[in-house]
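>>> give the three-dimensional model of this entry:
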Amino acid sequence: MNLANIIDGHDADSVALIWRNRVTTYGELREQVAAFRGGLAASGVVADDRVALMVGNSPHFVIAYLATVGLGAVAVPLNPASPGPELQSELGVVAPRAVVVDPTGSVNWSNVDRAGVPSIEVVVVTDAAGATEGVVAFDDLLAAAPVEVVDVDDSQLAALMFTSGTAGSPRAAMLTHANLRANLDQSRSAQGHISADDVIYGVLPLFHIFGLNVVIGLGLCVGASIVLVQRFDPATAAQSIRDRGVTVIPGAPALWGAFAHFDELDGDTFSTVRLGLSGASRLPISVARTMQERFGIEIREGYGLTEASPIVTTSTGITPRFGSVGRALDGVEIRLVNSSGDALVGDVGEVWVRGENVFAGYFGDPEATAEVLDAEGWLHTGDMATTDDDGYLYLVDRSKDLIIVSGFNVFPAEVEEMLATHPAVAECAAVGVAHPHTGEAVKAYVVTAPGSDVDEEMLIEYSLDHLARYKCPSKVIFVDALPRNASGKLVRRNLDDALRVGAL
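Predicted structure coming up:
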């Protein structure tokens, strides 16, 4: 079954989406998706073609996403706020035939060199004023004759999601129709999860797998209503939650931290909310306690990753335990493996995951795929954890050097590669450091080239021109040399020692 069928079967008059005080019913959404599907087909998009979505949280994203997968084509959600060079690199990897752009991504899209991505034949803009020669308006595709959903095999790709994930520098994870549907079914097996009666606060970015297959995927699958929100601040969010009678809030720890530490919120702010979900990175126990004590919300923490479509464990339907990400969903197998084999209860091991939700590999990169996906179908996540006697999972650390900023993956290699392009940088290293609002932030250690003249502010500004803001270092430390072992490998744990012996 095609993933696009998740919006079928719901009451046509039920509310599917709420955006800027505009309501879209399920009946209207089905009509819009069918018409846009026809518009894409008339533009030459066929099965297996990639369609890049540089679109924020809006009905435009939902329509374009469902229409794309409904044709048997492959949706490629991209962060519309990413700088032109980063977008161009990602577009070059997936070679899309079509690109959909809204105002949140138009400036950065204008910095993409189209000649460097010759596969692009169709550019669709949601702002009619932006339509020019060779560029079509979103509304023109909505006016096309509708086309039926295409039948697909379970193994057909539905989405390519860029992730630093378990394999290093950013790669496109291949998620099939079966992967994404399986995780929807697995999630629905958890007692008390999202249902048709719920109103979901949809502020998680839809280009992130948490937003894509939990907020949109699961929300539309069960027939819930989704309030789409482009930007977050706690005061405005609290007002929207009250006004819309929001019942479910999925969020990264940064969102819950903002609520917990915002003194102006009343104790009854979340009186309509029955389910608070946290994922994408570890939720500080102090934040969970504050939310429970101030507002009476037991936040249900879970664990997942892009390569697992994404949910692996959840605290929904069970009694949550502070510091735990819950237990495995039905249909998902977990092993904790260390040098001795399967770890005993209480011992630390790497999390291995197996199930129909586990991805098909990294697009065009069999070597990277082989590093994380073994012959028996086990996904080696790189995350370290322990379990208790009741099967609750507790994340301990990462076996790799991944940095997680507000739930988004940042691999040091991509920050280092970017900084190394600056003529004043001879060597550099990036690490994650604790941050009160984002969980972690990026800190860079830089050895400057002889005779160069550069300061911290200059390198941070340079970074902002080349990487998404959350990937950019917030602190740059200048050192005489980076610590390396006998084989020349960087020893990240000794970077602070390098600062003490050779800071500028």
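>>> which residues of this structure score low on pLDDT?
Per-residue confidence for the chain (pLDDT under 70) gives these ranges: 130-131, 164-169, 397-400, 485-489, 499-504.
>>> domains in it, as residue ranges please.
Per automatic domain parsing, the structural domains of the chain span 3-152, 199-398, 403-502.
>>> among those domains, which comes closest to residue 175?
Of all the domains of the chain, it is domain 199-398 that lies closest to residue 175, at 5.5 Å by C-beta to C-beta. C-betas here are computed from N, CA, C, even on glycine.
>>> circling back: export the domains of the chain as JSON lines, with columns for mean neighbour count and distance to residue 182.
Below are these laid out as JSON lines (neighbours: other C-beta atoms under 10 Å; distance: least, C-beta to C-beta, whole Å):
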{"stretch": "domain 3-152", "mean neighbour count": "19", "distance to residue 182": "11"}
{"stretch": "domain 199-398", "mean neighbour count": "19", "distance to residue 182": "4"}
{"stretch": "domain 403-502", "mean neighbour count": "17", "distance to residue 182": "22"}
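>>> so for residue 191, which of those sits nearest?
The nearest among these, by C-beta to C-beta, is domain 199-398 at 3.5 Å.
>>> just give me how far that closest one sits from the chain centre.
Mean C-alpha position of domain 199-398 versus that of the full chain (C-alpha atoms, centre = their mean, to the nearest Å) differs by 11 Å.
>>> mind putting the domains of the chain in a markdown table, distance to residue 188 included?
Formatted as a markdown table, those follow (distance: least, C-beta to C-beta, whole Å):
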| stretch | distance to residue 188 |
| --- | --- |
| domain 3-152 | 11 |
| domain 199-398 | 7 |
| domain 403-502 | 23 |
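>>> for the ones you listed, which one sits closest to residue 161?
domain 199-398 (5.0 Å).
>>> what's across from the nearest residue to residue 360 once chain neighbours are set aside in the sheet?
Leaving aside its chain neighbours, residue 360 sits nearest to residue 174 (4.3 Å; criterion: C-beta to C-beta, 6 or more residues apart in numbering). Note on residue 174: beta-bridge partners by DSSP bridges are residue 160, residue 361.
>>> so which of the domains of the chain is nearest residue 181?
Taking C-beta to C-beta, domain 3-152 is the member of the domains of the chain nearest to residue 181, at 5.8 Å.
>>> show the end-to-end separation of the closest one, please.
One end of domain 3-152 to the other measures 9 Å (C-alpha to C-alpha, to the nearest Å).
>>> and it, how far out from the chain middle?
Relative to the centre of its chain, domain 3-152 is centred 18 Å away, using C-alpha atoms, centre = their mean.
>>> mind checking how far the spatially most central residue of the chain is from residue 406?
Nearest to the geometric centre of the chain sits residue 208, at 2.3 Å (C-alpha atoms, centre = their mean). As judged by C-beta to C-beta, to the nearest Å, residue 208 and residue 406 stand 10 Å apart.
>>> who touches both of those two?
Common neighbours of residue 208 and residue 406 (criterion: C-beta atoms under 8 Å, 6 or more residues apart in numbering): residue 280.
>>> quick check: the residue nearest to the centre of the chain vs residue 236, distance?
20 Å.
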